[in-house]
Each structure stands twice: as C-alpha cells, then as structure tokens.
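Novice: Can you look at this prediction? I've put the sequence above it.
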Amino acid sequence: MKLKKILSLTALVALLASCTHPTVPTDAQAESRLPRIFPDYTEVTIPCNISPMNFSVQEGASEVVARLSFPGGEYTYGEGQKVQIDEQEWQEILKASIEKSIKVEVYAKIGDTWKSYKPFNIYVAPDSIDSYISYRVIQPSYVAYEKLSINQLNLTNFDEREIYNNMSVSTEDMGQCINCHSYKNYKTDNMLFHMRQGFGGTMIVSNGELKKVDLKTAETLSAGVYPAWHPTANLIAFSTNKTGQSFHTKDANKIEVQDTESDLILYDVEKNEVRNIVELDDELEVFPTWTPDGKKLYFCSAHFEYHNDSIEKSAEMILRYKEVKYSLYSIDFDPKTKEFSNLQMVYDAASDSINASVSLPRVSPDGKHVLFAQGEYGCFHVWHNDADIYMLNTQTNKVKKLDAINSPRSESYPSWSSNGRWIMVASRRDDGNYTRPYIAYFDRQGKAHKPFLIPQKDPNFYTFFLRSFNRPEFMIEPVSITPQQFATKAKEDAVPAQ
Amino acid sequence: MKKNLKIQIKYIYLILFITAAYILLPVMNGDYLYTIQDNSVFIGGSTFMKDLMGREGGWLSWCSCYLTQFFYHPWLGSTILILLWSATFLMLVRAFRISSKWSFLALLPQLFFLFELLDYGYWLYYSKTIGWAFNHTLLFFFITLAATLLIGTLRPMNIFQKKVVARTMEGISFVLMFVLGTWLLGSWKFFHHPSEFTITMSDANFKHEMRMYRALDEFRFDDVLNEYESIQETPTNLMVLYKNIALMHTGQMDKMFATGNCGIKPEPDDSIKLRTSQLGAPLIYYLFGHINYAYRWAFENSVQYRLSFRNLKMMAVCAIFNKDFDVAAKYLTMLKTSAYYRQWAFEHEAWMLNSTKFVQSKDYEIVTSVLNDQANLLDGDDGLCQRYLLEFFSDLEHPNTPLLEDVCLCMSLWSKDYYTFALHFYDYVNKHPNRPIPELYQEGAILQRDAEESPIDLSGFMFDEIVNEKYKSFAIDYFNLQQRKLSPNEIAQQMKPRYGNTYWWYYYFYNDFEIY
C-alpha cells in the first residue's frame, strides 16, 4: 500500500515536472519570420538582475513551447499561449548569460500543425538595474478619477506593493487625487508626493520623518506640482501651475492639459519656507530638474503673451493652444548661498527652425545628457501621439532624437537609473491609450537600445489592465513608510509653508 | 397528517415567495434587470480577478459580477437569484430546525434582498459598488451554508443529545450568524443610498427611458418612437432627446415638435445629481457622430462609477471609428470573455480586420450620416451633453450632409436660437430651391418674418397657405386670450389642444427647459 502511494506520488511529481518543461516538437514546420509575441522581447537588451521575461505568443495557437538556450544549458516553457519562466531557473539563465545572449526558439501549435519561428535573442547586459521603480497607477481618464495609487514594483521578482492609495482617505462625497512623486538621489528616506482636494497637501518624508505641508502661499500660484529634490541640500524645486483641461472634438490626441500660468518655486524643507526661483513676464515655467551636482537647475519655459482682454485667459489659451511651445532652460544655483543666477536658454525648441515644444527634462547621473520629451506643442505630452524622447548632450549642446526608444505613439516621462545605464519612459506604444513603463539599455558609447516592457508574472496582465503607469521613477530601495502611516498623516491638517 | 401539513406550509411560503419574486423581477422589471447587467461587467482572466481581490469582499464581487451577466435574459438571471434565495431559505429552516409554521421568518432576509435589488432605481447608473445585484445574496448564502455545515457536523457528535443544549446551541448559532451577517453587511455600507424603490416600481418614465435606451442602442428607431408614443405622463428631457434621435435617424426630424418636445427633469432623490452624462451621453454623442465625446463619457463613467459592458462596448466601437485598432482590440478581448457579448466582440473584430464589413455595417451608415466635416475643435461640454449638442449644431456652419442640415435647423429651433435658425433656413432654402420646405421650418421662419432683429429678409418668401392661416389664427387666439387677462400658463393650456404640436406653442409657452 505504501509502495503504491510512493509510486503515485512519484508519478505525480514526474507529471508536474514534465508540465513545467514541455517537450520541443520535432516535426514543426519552419516559418521564416519572428513569432508575434507580447510583450515584444525580440532582440532586446536586459539588465542582469531583471525578473523573468514572460511573454505570450499571439499566433492563435492552442499550445506553445519556447526553448531558452543559454551558455551551459537550455530550458523549455509553455502553457497554453503563455511562456512563463521559473524564477529560480531564470536566475541561472541570467547568471550564465551576462554579456552574452539567451536564444529563444518559439513553437506554436496551430490547428494540428506545429510551427517553429525564426529564433530571437535576448541580450544580457553586464549592468544591473535599480531594484525598484514606483509609478502612479491611474486611469488615463479625462476629468474623472476614482481609485488611484502610487505603487512600487521590485524589478527583480514581480513583487508589487502600494505606497499610498487615495481610497484610504477618500469618501463617497470627497475624493482625493494623488499627483507627482519624487525621491532624493533614488532613495526613499527623502521623498514626497502631492495630494489634491480632500485632505490635500504635500506629503514630505525628510530623513525618514513624515510631514504634511501646504505650499500654497499668498505669493504662489498653487501648491507645488512638478517636484525635483535637490541632490545634496534639503531643498525641493517645484513648479506651481494653474491648469485646465479641454477636449478635442476630432483629433486623435483627445485631450489638452494646459497651464494658463506657471512659475517655479524653491521649498526649504527644514525652514518650511517657499520662495520664487524666477519671475519672468509672459513666461510659463515648469518641470524643474537638478543636475547631479546640484549646481544647475534645468526647466522648461514657454513664452506666451495674452492678447485678448475680452475673454478669460483659459479661453484664449484654448483658442491658441498650438502656439504654446516650451524650450529648455537652465539656471545656475549655489547650494551654499541658495542663490540662482545666470539664466540660459539651452535648447530653443520653440524657434522657427525647430518649431517644437519640450517637457519633462531629466539629467543623467553623470551630468552628460539631458533626456526630455518633445512634441509639436504644449507640455502634456503623455496625450500627444507625436511626442518622442530626445537627448541633449550637455558637452556639445547637440540634441538628437532617440529613435531606438521611440514609437509612432506617445513617449514621455523619461528617467535615468542611478547607474545611468538604463532609461525608463512612459510609452503608449501598445494601444495609444494606456501608458506602460518601457526600459531601454543606454550603453557606454551613448547608444540607446530597443526598449522592453517591464515583465509581469502573467504576460497577459497588460492586455487586461485598464490603468496607466504614470511618472515611473527608479528607486534603489523600497519605501519603508506604510500606506497606513501615509493615510494617518494625510488626515491631519497640512502645516502652511512660510 | 399534521406533520405533512406543516411541511406543506413551509413549501407554500416558498412557492408564494418565488411567485412574488418572479412577478416583481422579470415580469414587472425585466428592463431594469437588463439595464443592471448592461451597467455591470465581468472580465475573464486573472487581472480582473486580482483587481477585485484587492478590494473588500472581492471574491464575492467577482462571483456577483459573473452571475449578474445572466440578467441579460431577465428570466434566467432571476431564476439564478431565486434559486439562491430558495436554497438559503431551505438551509435556514433545516439548520435551525425552524418549525414549518414559523418558517416564513426564514424568508425575511430574502425579502429584504428582493427589496434591495428593486431599491436602486436611478442609483444603478451611479453606484460604485461592483456586483451589487448579487453581493448580499451571495454573502448570506455562504454564511448560511457555513452555518448549516457547522451544525450538520456538530450534530452527530452527540453534543446536542439534550434537547435544551441542542436548542441553545442552535439559538446561539442563529444569533451569531445574524451578528456576523449584519457586521459584514454593515461593512459593505449597507444603507449606502436613499431608497429608490418607488422609482423602480412605479415611475413609468424610468422604465420608458430604459426601454428607449436599449432600442436606440440596437438601432431599433421605430421601437423608440413607439415607446415614446405609448407614454401617458409628461416625458423626461432624456426621453424627448431619445425620441428626437430616433426621428433624426428615420428622416423625420421635422416632426420633432409635432410629436411633443416638452420634457421634464426627473426628480428621484435629492441626493442623486442626475446628469445625462451618466444616463446616456456616450450613446447620444455616438448617434450624433461625436465619436471623441462618446468615447470620453464612456471612459469617464467607467472611471468615476464602474466599468460596464455598456461603456466597454462604446469604447470599442468608438476606437474602431477612430482607427485606434490596438485599443479597440484590447476592449474586444475583454468582451470576448463575457457570457453574452462574445459574439458582439467577434463581429466588431471582423470590422477591424475587414474595412468593407465595417463600411457595410449599420453603425457606419448611421454615424457617418451625421458626421460633420468641421475642423477639429478644442472644446468642452461642462458635463451637459444636451446643451453642448444644441449649441454645437445650432452654431455649425455649412452642414455637409442632408441629415445634418435638418439637425442644424431643428437644434436651432429647439434651443430657440433665432439668429442661427435664420442663417440655417436661408442656406436651406437656397440650397434646395425646388424642394417643398417642411412645415416645421416654415413655422420657425414665419416668426422671423416680422422680427426686426432677424438677420435675413423673409418678406419675399412664399409661406404655404396652411402655415400662414394657422399662424394667423394662432396670433388671434393668443391675442384674445391675453385680452381676457389669463395667466401665461392658462393661455398655454387653452391653446395646447389646437396648437400644442406647433413650434409656436413650444416657443411661446415652454419655458421650463431644464437641461441636466
């Protein structure tokens, strides 16, 4: 009886094992093209510590098998249309493939026939990636919002957790909208995010201590909107914005989000003081970002003069929305005196020769490059199909379009990993509506490679997920403050800034 | 014999309850149940499930969403619901050994759930609770099942040998079950909205609206008009709008005022801020050829309230019109996992893969008939769909399809916009010099004939004799009634039988046009 049980158990284990590693069909018909897979991981370069690159085969097959060959071995996977790689085996594959590649051969059973497709490679870079990213999970909606959260994802093992969820303080009558988040030097003991409407205020973690402040003063346009932590001092640059939305009756872009007014402010976290950075007439300044040494602040600004006194500014802005074009500026900063000087236009995107508009600049950790999004007009490029990622070389002052990263749809929110080897962008390339985090390798020669969609345990996750990943940011450690702690603090009154 | 009688009474209670439930649900409120499923959603796969699991009561919501689909056939959905209620009743009676005579008490929770289902009224468009139609029923069913199994397990263990102990234990279980049930139900914000029971049960307009919406959605325009004709009460503005859309797509828009164009704003509960945006804006915009705005409101409503089959379908079809095939494919993939929209999804997928099929579709024919060729505008409706459409079409210059010409004229009349009507009328007459001018447009124009501020000169225009004579008699009657010092309302009532189907009556006496 015992023997029978042992035999049954062994058979079961063997059966399970065989399910994990399916057999490669021997009689497959060869197809000369690459397989259609989602996410598209063909010929991408990945970090040596990324989670398994699971994908689904979109060939209408009833069964699929993928053989992953790497130096020293091979594994096969496949269940239904999905290829989901065992996490432990993936570590083995990655370790063996550093600076080499993983060859992937895909087989699909269509009807009664097995087909084999042209193999592809996944290149494993010697460079690792920051273990965490965080992003705002939000419906790409127009005016309405309901549930939204800031989440953190461990890039090495799929583990996703909420940093803060607005529903923890929202009520039926009073919602709360979460805005941009930011970290100091990729670490989370100094971080912030802003909340609007119910229990509104800016949540700031300073040296691990959480506080809630109100940055709207008599002198500022609004509370802080787009933030940037200074890399060394306990200072945060913000833009303040008066923002409106309007809707296209026919255009594929569907929405415009426009600032009728905007400024830049500097917030001293320790003194709880706010002051203006630059005050220029007829300029719309936005998107501040520091250089790694903290001695320069980049930002975008559009020159816009209102002509028509008979209508409201917002109405005139709507009528002339295509005239709003932002260029890239910089201003020097002395961390000792905390004074700004030497305002310069770095890239005249609005000039007649370029006739474009830039947004969301981010300086590389070595200070040699500035990434930004560029489109025909405006500053809300996540809704502009023509928006692409460009890069400024700070030494030559030359700008180039990063063709390898871009797609026919919107790319925006670029950011650098802490080692400068990985670029993350928020892209709508998959369907035009939902923003997804794509990561591209940036090699030592300054070349950007084909980006890949951040892998998920279930490769169909993105297909069925109806929310966007906004403002993806790298972090080298997880946020340690719990969502409950944030929620408790959120319910307290904000301390007004001076 | 006595025992048999008791058993029979228990079943008689149940049969009475089942009969009442069938009458109240599929017989009397079939459209309501259909609309509930139309405003609900179920998506197969792990993402939807995972999303619900992250919420309070997620597993129940998932089951509830799955079952709500079956209200697509109100009889089927009701049967599932009633089976669950019946099973719960029988388990309660059995587990707690409730005597047959008193077994009707075990039907009270089910009666409450029945009441609760019918209690939503207009809230069904606004509730943010996912799977609300089955949630409480399922929760109570599972609690009762657990209690029944627990008692069934304990009973043979001789714990209940003594009758007193047994009864005490059962009593405690019963109380515990209700405490647990109440606590759980309480955590679901049990009393989350004011009662709309009377709306569901007795507001005929509420039902007419649902029927008209469904008929419009299925392009059964004649059914929309028939439904409107059957109305005994003053219709809601939304019903008037639905009726006019049906007239528009059957080429009878000039019968807009002849068929009655005066609506009211429904007043359910003060706490519901009724807006056309939530009740029907996506479909309304779609049928007026405003694809981006139809998509927008389907999206906004999905975000603000909850995702639904109705909105998912609208987003998919708008995406196809806009050639956003990738996002359309995403929505269609989701719909393919549903019980009743799978076929719809496959049909629409074929449109994406074969543009000839799309061009031959009814959707294409209907929507393109009102697609304006005006350049893109950056705009907004401030949440007031009807007002936006009235202004948009009144102001639209040079309508590019014959149907749009009618729409522009009628929208100007509807919004009592003298100026734009005059311009549209001028264009219309010049464009169709040999075509008889519909009476409605002449009724509108005759008001302009003597108006000083009219932008066009109508002194040479030959109005039909019948219109001329009718207008003269309208003016005389109006003057005479004014001489009798009657109030405007009294004049309106007195003139309604003879002139209620004219534009003049609408123009002079209908001043309560409340857009919502």
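Specialist: Arrived safely, thanks for sending.

Novice: What is the burial count for residue 142?
Specialist: In the absence of a named chain, chain A is used. 20 (other C-beta atoms under 10 Å in any protein chain shown). Using the backbone N, CA and C atoms, a C-beta is placed for each residue, glycine as well.

Novice: You answered for a different chain; I wanted chain B.
Specialist: B:Phe142, neighbours per other C-beta under 10 Å, totals 15.

Novice: who are the neighbours in contact with it?
Specialist: B:Leu60 (C-beta atoms under 8 Å, 6 or more residues apart in numbering or on different chains).

Novice: where does A:Val274 land in three-state SS?
Specialist: strand (DSSP: H, G, I helix; E, B strand; the rest coil).

Novice: who's it bridged to?
Specialist: Beta bridges link A:Val274 to A:Tyr267 when assigned by DSSP bridges.

Novice: My guess is it contacts A:Leu264. True?
Specialist: No. Assessed by C-beta atoms under 8 Å, A:Val274 is found out of contact with A:Leu264, at 11.0 Å.

Novice: okay, now the domains of the chain?
Specialist: With no chain named, the answer covers chain A. Domain assignment for chain A by automatic domain parsing gives A:20-124, A:132-496.

Novice: that's the wrong chain, I wanted chain B
Specialist: If you go by automatic domain parsing, chain B breaks into B:2-199, B:204-368.

Novice: Throw those into JSON lines and include mean pLDDT, thanks.
Specialist: Shown next, in JSON lines, are the domains of chain B (pLDDT from 0 to 100):
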{"stretch": "domain B:2-199", "mean pLDDT": "86"}
{"stretch": "domain B:204-368", "mean pLDDT": "95"}
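
Novice: most tightly surrounded among these?
Specialist: domain B:204-368 (a mean of 20; mean count of other C-beta atoms under 10 Å in any protein chain shown).

Novice: from the middle of its chain, how far away would that domain be?
Specialist: 10 Å (C-alpha atoms, centre = their mean, to the nearest Å).

Novice: What distance do you get for the residue lying closest to B:Thr35 once chain neighbours are set aside to chain A?
Specialist: Distances taken as C-beta to C-beta, 6 or more residues apart in numbering or on different chains put B:Met210 closest to B:Thr35, at 4.8 Å, once the chain neighbours are dropped. Distance of B:Met210 to chain A, given as C-beta to the nearest C-beta, to the nearest Å: 23 Å.

Novice: Next, the contact list for B:Met210, please.
Specialist: Taking C-beta under 8 Å, 6+ apart as the test, what B:Met210 contacts is B:Asp31, B:Tyr32, B:Tyr34, B:Thr35.

Novice: Between the domains of chain A, which one is closest to B:Ser86.
Specialist: Proximity to B:Ser86 (C-beta to C-beta) singles out domain A:132-496 among the domains of chain A, at 33.8 Å.

Novice: pLDDT averaged over that closest one, what's the number?
Specialist: Mean pLDDT, domain A:132-496: 95.

Novice: and the end-to-end length of that domain?
Specialist: Taking C-alpha to C-alpha, to the nearest Å, the first and last residues of domain A:132-496 lie 32 Å apart.

Novice: got it, and stretch B:505-516?
Specialist: Stretch B:505-516 has its terminal residues 23 Å apart, counting by C-alpha to C-alpha.

Novice: State the mean pLDDT of it.
Specialist: Rounded mean pLDDT across stretch B:505-516 is 90.

Novice: May I see the buried residues of it?
Specialist: Residues of stretch B:505-516 classed as buried by neighbour count (16 or more other C-beta atoms under 10 Å in any protein chain shown): B:Trp505, B:Tyr506, B:Tyr507, B:Tyr508, B:Phe509, B:Phe513, B:Ile515, B:Tyr516.
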